[in-house]
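1. Got a predicted structure here, sequence first:
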Amino acid sequence: MPVWTIILLQQQEADTPELLRNFPSLTTDDLSNAQFYYTTNQEEIDRAIASHQYEQEEAIA
């Protein structure tokens, strides 16, 4: 699962128990590592989120 997906779900208020329940292959370490990666590469991940959201909007239009 891409880091941007985890971060987007967290930004949409998904908490750790919910993410672990919905994605059983993830661990708490995976979520911590994704958050750490985001803090050190925020611009990159924010661009990926924006790009994905744009693609979804284009597909709907």
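-> That came through, no problem.
2. what's Tyr54 in contact with, if anything?
-> By Cβ atoms under 8 Å, 6 or more residues apart in numbering, the contact set of Tyr54 is empty. For the C-beta atoms, the positions are set from N, CA and C on the backbone; glycine is no exception.
3. Quick check: it vs Ala48, distance?
-> Applying Cβ to Cβ, to the nearest Å, the value for Tyr54 to Ala48 is 11 Å.
4. So for the lengthiest helix in the chain, mean pLDDT?
-> The longest helix of the chain (DSSP state H) is helix 42-60. The average pLDDT within helix 42-60 is 88.
5. buried sites along it?
-> The neighbour-count check on helix 42-60 (16 or more other Cβ atoms under 10 Å) flags 45, 48-49 as buried.
6. And stretch 19-36, by the same measure?
-> For stretch 19-36, by 16+ other Cβ under 10 Å, it's 19, 23, 26, 30-31, 34.
7. now stretch 5-22
-> For stretch 5-22, using 16+ other Cβ under 10 Å, the buried residues are 6-10, 19.
8. doesn't Ile7 make contact with His52?
-> No: using Cβ atoms under 8 Å, His52 makes no contact with Ile7, being 11.0 Å away.
9. Start and end of stretch 22-32, how far apart?
-> This stretch, stretch 22-32, spans 17 Å end to end (Cα to Cα, to the nearest Å).
10. Report the distance from that stretch to the chain centre.
-> For stretch 22-32, the separation from the chain centroid amounts to 12 Å (computed by Cα atoms, centre = their mean, to the nearest Å).
11. And stretch 12-23, by the same measure?
-> On Cα atoms, centre = their mean, the centre of stretch 12-23 falls 11 Å from the chain's centre.
12. Excluding residues flanking it in the chain, which one is nearest Trp27?
-> I think there's a mix-up here, since residue 27 is Thr and not Trp. Closest residue in space to Thr27, ignoring its immediate chain neighbours: Leu20 at 7.6 Å, by Cβ to Cβ, 6 or more residues apart in numbering.
13. In three-state terms, how would the one you found be classified?
-> When classified by DSSP: H, G, I helix; E, B strand; the rest coil, Leu20 comes out as helix.
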